[in-house]
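Chemist: Got a sequence here, can you build the structure:
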Amino acid sequence: MTKYRKANLLFVVGGVVILAVLLMGAYLGWFGETSEGEAIIPAENVQSQIAIRAEKHVDNSESASEVENCLSESMLETHPAMMDEWARLDPYVVNFGSISDYRGLAESELRHLIAQGDSGAMAVLGAMHVMRARGLSDSDAVPYLLLEEPNLLSYQYKLPHTEQQIRHYEIAADWFYKSALHGRLLALINVGHQLDMLGKKPPDLGWVSTEDYDLLTRAQKSTFNAASVYQGVAYTIAPQVEVGFFEEIGLDFGSMFAKRFADIAQPIAAQFRSDRAELGLDPLIIPASTLPPYSELAELLCIPPE
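Modeler: The predicted structure follows:
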């Protein structure tokens, strides 16, 4: 497979890659809240980071139409295999797809849906409390979840938080956890983000002793955070939550975190399963991906002459 096919496939995946970006954000610290003075990577640079993995991105929009028996990038985005993957993951995520249906709903409308067990409404209400902690409008909640606004992803804050901010983050974490319990499993990452925002370090959460934590390097500490651990928890609960070919191309961060933080993630996952059972909910089972292997998808792409 050529490097051109590799690069273009990563861009073609479109919305599925956005999910990859979110998961990588927990790993690399690209997204989310940073304390004042810390460096951040702007959201618009995310795709360039993905391109680095594929060595080089080549724009084939002009040549694609000149080659027969192949698919352009836009055609592959709407290929049945990709659409099926969207549909498979949609009920379990909070960062694309049907979450957009909650745009413009007031808290009272969300609570009406929540009373019916609507997990999407729970996630949006959680996001509203994140916005309130920042002093922003409730209407920013859905754009925040859908990664639509770079200024909502790159947030700087001053410590210490006010009591009101702390309360909003605590309520947000609670709603994201409820959303995960009711099906939107990857809302667990958002639970972790709120714990990180509250300044909860691994020793504070009982995951490691202060002495052992202090022995870690800065790089090790940067990926040992609640968002990363809770991503591992989600994978521990349902490995199928990752996009089909992520393991093949090295983006299987859920699997990586589940292994790295197994001693922490497994008890949290066990408590999650117990909490679902108390609500009378069946064990969460996510259908397996039917995406073809990465190599097969790449071969469908039109590429420029070499």
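
Chemist: Straight-line length of stretch 212-222, end to end?
Modeler: 15 Å (CA to CA, to the nearest Å).

Chemist: So what's the model's average confidence on it?
Modeler: Averaged over stretch 212-222, pLDDT sits at 93.

Chemist: Ok, stretch 299-306 next?
Modeler: Rounded mean pLDDT across stretch 299-306 is 65.

Chemist: Mean pLDDT per helix and strand in this structure: which one sits at the bottom?
Modeler: Within the chain, no helix or strand scores below helix 46-53, which has a mean of 35 by mean pLDDT, DSSP states H and E.

Chemist: Report the buried residues of stretch 139-158.
Modeler: For stretch 139-158, a neighbour-count test (16 or more other CB atoms under 10 Å) marks 140, 141, 142, 143, 144, 145, 146, 147, 152, 153, 154, 155 as buried. Glycine gets a C-beta too; all of them are placed from N, C-alpha and C.

Chemist: before we move on, what about stretch 91-100?
Modeler: Going by neighbour count (16+ other CB under 10 Å), the buried part of stretch 91-100 is 92, 93, 94, 95, 96, 97, 99.

Chemist: Among these, which ones are in strands?
Modeler: Counting by DSSP state E, the buried residues of stretch 91-100 place none of their members in strands.

Chemist: Serialize those to CSV and add fields for distance to residue 228 and pLDDT.
Modeler: Below are those laid out as CSV (distance: CB to CB, whole Å; pLDDT from 0 to 100):
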residue, distance to residue 228, pLDDT
92, 19, 95
93, 17, 94
94, 17, 95
95, 16, 91
96, 21, 87
97, 24, 88
99, 22, 97
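
Chemist: Can you lay out these as TSV showing distance to residue 215?
Modeler: Formatted as TSV, those follow (distance: CB to CB, whole Å):
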residue	distance to residue 215
92	36
93	36
94	35
95	34
96	39
97	42
99	40
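
Chemist: quick check, nearest of those residues to residue 174?
Modeler: Of all the buried residues of stretch 91-100, residue 174 sits closest to residue 94, with 14.6 Å by CB to CB.

Chemist: now that closest one, nearest residue through space, not along the chain?
Modeler: Residue nearest to residue 94 in three dimensions, not counting chain neighbours: residue 123, with 4.2 Å by CB to CB, 6 or more residues apart in numbering.

Chemist: Strands along the stretch 151-300 of the chain, start to end?
Modeler: Counting by DSSP state E, counting those that start in this stretch, the stretch 151-300 of the chain has these strands, from start to end: 154-157.

Chemist: what sits against residue 288?
Modeler: Taking CB atoms under 8 Å, 6 or more residues apart in numbering as the criterion, residue 288 is in contact with residue 240.

Chemist: The same query, at a cut-off of 10 Å, please.
Modeler: By CB atoms under 10 Å, 6 or more residues apart in numbering, the residues touching residue 288 are 88, 239, 240, 244.

Chemist: Next: residue 282.
Modeler: residue 276.

Chemist: same question, the one 4 residues further on
Modeler: The contact partners of residue 286, taken as CB under 10 Å, 6+ apart, are 88, 89, 91, 92, 183, 185, 237, 238, 239, 240, 241, 242.
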